[in-house]
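Asks: Fold the following for me, if possible:
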Amino acid sequence: MGYHLRKVAFYLAALWAAVTLNFVIPRLLPGNPVDILMAKLQQRGGSVDPAARQAYETLLGTGGRESFAVEYLAYLGNLARGDLGVSVSAFPAKVSDVIGDSLPWTVVLVGLATLISFVLGVGLGALVGWKRGTWLDSLVPATTMLSAVPYFWLALILVALLSSGLGWFPLNGGYDVVLDPGWSPEFLGSALYHGTLPALTIVISSVGGWLLGMRNMMVSAMSEDYVLTARAKGLTGSRVMVRYAARNAVLPSVAGFAISLGFVVSGSIVTEQVFSYPGIGSKLLQAVQNNDYALMQGIFLVITIAVLGANLLVDLLYGLIDARTRDRSTVS
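Replies: Sure thing, here's the model as predicted:
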């Protein structure tokens, strides 16, 4: 119990530190979101008198006459109430609404692509490690090279070949704009069709890391006594590979996969920009360009909670599975 309480206390402290940085860092950027909003209102013929400016400063919670500490305490109070503020770049929409509209697109796209790349990489890595010294070893440098290719360049190449050249996939967007978003088969099919190429880009660029890690763990596991014993018993090669070698070699990859799931919500800014995909990454870039403090803070908060939550889950599971983890923590 003491191990779990220490872990929870540590991550709560990490969450507070992240929330504090989340408040401070956007305010170090040049510019003022109120000025940007005032410029937009002027373009629309809106009022820009001092009273209106002060009202917007109060609404956005920044740039007003309050001290930095007062703004920080107000920010913490709003977070405790679940109020993330109003977005400048999508004014007058609430930050929670903007994130709620874009987050599912990123979670589905990046989440499924991460799962596919993990399963494919671990499966190929187990096979390559089991058949080391054969032609399958050539998969390691090939996939590693693809992982080293600049992400935006790979995305542009796929767009040029598969979209512009062959016309197999749409150039951009998350769905056909003539359809109304919903759960209809037409809309779901359109979303799947538009998300195939961005997902393929993520899979190609990330499968090499999973393959290499699993291959190395398989080579190490094959020299263990339990694998040699299984072979001495006359078990089939496939059973030894799956039930003995791969079953133990995959544990570090599973831990890495659990942590990578925390980064799913951050999306892929490059992919979403290249494909004009309506995910959280494009909203984050939009918030930075418009000094949208509230939207930046809201997105960073969601990412922080997801990453810390995934890491905490892995630590707690390791403590339950491996008693040595708890023992080392107790001794230290």
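Asks: Show me the helices in the stretch 1-150 of the chain, by range?
Replies: 2-27, 33-43, 50-60, 68-80, 95-130, 139-148 (DSSP state H, counting those that start in this stretch).
Asks: how about those in CSV, adding mean neighbour count, mean pLDDT and distance to L162?
Replies: Any C-beta I mention is one placed from the backbone N, CA and C, and that applies to glycine too. Below are the helices of the stretch 1-150 of the chain laid out as CSV (neighbours: other Cβ atoms under 10 Å; pLDDT from 0 to 100; distance: least, Cβ to Cβ, whole Å):
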stretch, mean neighbour count, mean pLDDT, distance to L162
helix 2-27, 14, 82, 37
helix 33-43, 16, 65, 38
helix 50-60, 15, 63, 43
helix 68-80, 13, 81, 43
helix 95-130, 20, 86, 16
helix 139-148, 15, 83, 15
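Asks: wait, which of those is closest to G234?
Replies: helix 95-130 (17.5 Å; Cβ to Cβ).
Asks: now the angle between helix 139-148 and the closest one, please.
Replies: Between helix 95-130 and helix 139-148, the angle comes out at 160 degrees (axes from the mean of the first three to the mean of the last three Cα atoms, to 10 degrees).
Asks: Return the list of helices and strands in contact with helix 95-130.
Replies: Counting contacts by 3 or more Cβ pairs under 8 Å, 6 or more residues apart in numbering; DSSP states H and E, helix 95-130 is packed against helix 139-148, helix 185-221, helix 251-262, helix 280-289, helix 293-321.
Asks: Show me what the third one is in contact with.
Replies: With Cβ atoms under 8 Å, 6 or more residues apart in numbering as the test, helix 251-262 has contacts from 111, 114, 118, 122, 125, 210, 213-214, 217, 306-311, 313-314, 317-318.
Asks: what mean pLDDT would you report for the helix or strand just after it?
Replies: Using DSSP states H and E, the helix or strand that directly follows helix 251-262 along the chain is helix 269-274. The average pLDDT within helix 269-274 is 78.
Asks: when you give positions from now on, start the count at 35
Replies: Right, with 35 as the first residue, what we last looked at is helix 303-308.
Asks: Centre of the chain to helix 303-308, how far?
Replies: Here helix 303-308 is found 13 Å from its chain centre; the criterion is Cα atoms, centre = their mean, to the nearest Å.
Asks: Convert that helix to CSV, retaining C-alpha atoms only.
Replies: Provided in CSV are the C-alpha atoms of helix 303-308 (Å, rounded to 0.1, in the frame of the first residue of the first chain):
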residue,chain,number,x,y,z
ILE,A,303,0.6,18.0,-35.7
VAL,A,304,2.6,17.3,-38.9
THR,A,305,0.2,14.7,-40.1
GLU,A,306,-2.8,16.8,-39.4
GLN,A,307,-1.3,19.8,-41.1
VAL,A,308,-0.3,17.9,-44.2
